[in-house]
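> Pasting the sequence and the predicted coordinates here, then a few questions.
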Amino acid sequence: MKSYRKELWFEVPQRRGFVNITPEIDRCLRESGIQEGLCLVNAMHITASVFINDDESGLLHDYDKWLERLAPHEPTAQYRHNQTGEDNADAHMKRQVMGREVVVAVTAGKLDFGPWEQIFYGEFDGRRRKRALVKIIGE
Amino acid sequence: MKSYRKELWFEVPQRRGFVNITPEIDRCLRESGIQEGLCLVNAMHITASVFINDDESGLLHDYDKWLERLAPHEPTAQYRHNQTGEDNADAHMKRQVMGREVVVAVTAGKLDFGPWEQIFYGEFDGRRRKRALVKIIGE
Amino acid sequence: MKSYRKELWFEVPQRRGFVNITPEIDRCLRESGIQEGLCLVNAMHITASVFINDDESGLLHDYDKWLERLAPHEPTAQYRHNQTGEDNADAHMKRQVMGREVVVAVTAGKLDFGPWEQIFYGEFDGRRRKRALVKIIGE
């Protein structure tokens, strides 16, 4: 069994944003030399997500608006977590809706994807350097 | 390390529906001959889910109603994604709530499940042929 | 390839509660002797979650309140599932928002975590003995 590990770093300039990281994950997979296995990609921070969906700008806008409706940033005082001096309780909730991680099949040295699957890093408390982890195991 | 791959095809006749795919995944696992490992099952489309829950018709009805409340299909013009000519933005959201994939432990050649765990394909934009992927790795 | 399996048992005294299980998972990983691989932790029940987030009591309070807003326990008659004699339909929904499982990278014999990642068992229908499964594969 082979294993491969890499950290990807991000600094999203706004509080919230979505970054298509599929090309980076493709590059990791080639670097790993793994042909058959599983590829885990997870946010290493608890106010960010890694998820798979469509790279369509209208949809990413809709996600942002929808997540704000499900877990609004303001008023920040509605969340007890923010009494710690943080203002990011909403980001912890948005991240649960979108998920921490994805596991992708590796087949014949490729990410085994349907026609529109793209991997995103979803940032809900940006404006600082944060990381995602790529771990691939297989042969 | 052994690895196994199979695509499962679905055509749900309505816009939304839930299909219990546990028997198909059991069959895949037997076919794979894998005794110890991990089994990934994921939707290959971004308006569908694979998730694990109870096969109880009242609950599946409740899920549908609840997802419609969290991310209503109509009015379709509320979503910018639908300006592309699609009417399925809500399906992209429902799928995030229910999840893209499940990872199931394989132990002694069986899906290692609690008493009520069943694997479902959740369709949120049906009436066409769509796929899920089964990838099993182990020994 | 090595594989390791363990069941963890819980009895949360209230209907809902969150338990930090990171120390137990650390112990499992040491017991497994696995240095490189993947660690799956999943609820074996369909009204409970395993998720990764911050161990901050204000946040856990916020999660509980927020999940009650997204999928209220009462009135229990709003859910068709509860016509079966259950009163836990809301728990099946809360569990979908928080997720069934996490997959964690194992690197150099450790859970490969960012600075604040902690693994939680999230109970939404407690007051009875329930289980989570730990499955680790690797080398």
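Good, I have the coordinates.

> Only C-alpha atoms from now on, for both contacts and neighbour counts.
OK.

> Verify the stated contact: residue A:73 with residue A:93.
No - taking contacts as CA atoms under 8 Å, residue A:73 lies outside contact range of residue A:93: 10.0 Å.

> which residues does the residue most central in space within chain A form a beta bridge with?
With distances taken as CA atoms, centre = their mean, chain A has residue A:50 as the residue nearest its mean C-alpha position (1.9 Å). Note on residue A:50: beta-bridge partners by DSSP bridges are residue A:121.

> Around chain C, pick out the residues from chain A.
Residues of chain A that fall close to chain C, judged by CA under 8 Å from any CA of the partner chain: A:1, A:3, A:40, A:44-46, A:70-71, A:79-83, A:89, A:92-93, A:96-97, A:99-101, A:135, A:137.

> Out of these, which sit inside strands?
Residues from the residues of chain A next to chain C lying in strands, with DSSP state E as the criterion: A:3, A:40, A:101, A:135, A:137.

> Please identify the member of the residues you listed with the greatest number of neighbours.
Counting neighbours by other CA atoms under 10 Å in any protein chain shown, residue A:135 leads these with 27 neighbours.

> That one reaches residue C:103, doesn't it?
No - no contact is recorded between residue A:135 and residue C:103 when judged using CA under 8 Å, the distance being 10.5 Å.

> List the residues that are in contact with both of these two.
Common contact partners of residue A:135 and residue C:103 (CA atoms under 8 Å, 6 or more residues apart in numbering or on different chains): residue A:40.

> so what pLDDT did residue A:115 get?
Taken from the predicted model, the pLDDT recorded for residue A:115 is 93.

> quick revisit: can I have the buried ones of the residues of chain A next to chain C as a PyMOL selection?
The buried subset of those, as determined by 16 or more other CA atoms under 10 Å in any protein chain shown, is captured in PyMOL by this line:
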select buried, chain A and resi 3+40+44+45+46+70+71+79+80+81+82+89+92+93+96+97+99+100+101+135+137
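
> So residue A:87 is in contact with residue A:75, correct?
No - assessed by CA under 8 Å, residue A:87 is found out of contact with residue A:75, at 9.6 Å.

> When those two are compared, which one has more neighbours?
Comparing residue A:87 with residue A:75 by other CA under 10 Å, the one with more neighbours is residue A:87, at 18 against 8.

> got the contact list for that one?
Counting by CA under 8 Å, 6+ apart, residue A:87 touches A:73, A:76, A:81.

> circling back to that earlier point, so can I have TSV of the ones in strands among the residues of chain A next to chain C showing distance to residue A:116?
What follows is these, written out as TSV (distance: CA to CA, whole Å):
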residue	distance to residue A:116
A:3	27
A:40	19
A:101	18
A:135	22
A:137	24
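
> Enumerate the residues of chain A near chain B.
A:1, A:36-38, A:52-54, A:56-59, A:61-63, A:66, A:70, A:97-99, A:102-103, A:105, A:113-117, A:138-139.

> Just the buried ones from those residues?
The neighbour-count criterion (16+ other CA under 10 Å) marks A:36-38, A:52-54, A:59, A:62-63, A:66, A:70, A:97-99, A:102-103, A:105, A:113-114, A:117, A:138-139 among these as buried.

> My guess is residue A:76 contacts residue A:82. True?
Yes - with contacts defined as CA under 8 Å, residue A:76 counts as touching residue A:82 at a distance of 6.6 Å.

> any common contacting residues for the two?
Listed as contacting both residue A:76 and residue A:82 by CA under 8 Å, 6+ apart are A:88, A:89.

> Residue B:21: which of the contacts of residue A:87 is nearest?
Top of the list for closeness to residue B:21, among the contacts of residue A:87 and by CA to CA, is residue A:73 at 38.3 Å.

> In terms of secondary structure, what does the longest helix seen in chain A contact?
Longest helix in chain A by number of residues, with DSSP state H as the criterion: helix A:57-70. Using 3 or more CA pairs under 8 Å, 6 or more residues apart in numbering or on different chains; DSSP states H and E as the contact criterion, the neighbours of helix A:57-70 among helices and strands are helix B:89-98.

> Also compute the angle for the helix it packs on relative to helix B:57-70, please.
Taking axes from the mean of the first three to the mean of the last three CA atoms, to 10 degrees, helix B:89-98 and helix B:57-70 form an angle of 120 degrees between their directions.

> Could you export helix B:89-98 as CSV, CA atoms only?
Backbone C-alpha positions of helix B:89-98 (Å, rounded to 0.1, in the frame of the first residue of the first chain) are rendered in CSV as follows:
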residue,chain,number,x,y,z
ALA,B,89,-30.8,24.9,-8.2
ASP,B,90,-32.8,23.6,-5.2
ALA,B,91,-31.6,20.1,-6.1
HIS,B,92,-28.0,21.2,-5.6
MET,B,93,-28.9,22.4,-2.2
LYS,B,94,-30.9,19.4,-1.1
ARG,B,95,-28.0,17.2,-2.1
GLN,B,96,-25.6,19.1,0.2
VAL,B,97,-27.9,18.6,3.2
MET,B,98,-28.2,14.9,2.5
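
> Give me the contacts around it.
When contacts are defined by CA under 8 Å, 6+ apart, helix B:89-98 is touched by residues A:53, A:59, A:62-63, A:97-99, B:46-51, B:67, B:70-73, B:76, B:79, B:81-82, B:122, B:124-125, C:96-97.

> try stretch A:58-66
Contacts made with stretch A:58-66 from outside it, assessed by CA under 8 Å, 6+ apart, are listed as A:16, A:18, B:71, B:79, B:80, B:81, B:82, B:83, B:89, B:93.

> ok, the third one to chain C distance?
Think residue B:71. Per CA to the nearest CA, to the nearest Å, residue B:71 is found 12 Å from chain C.
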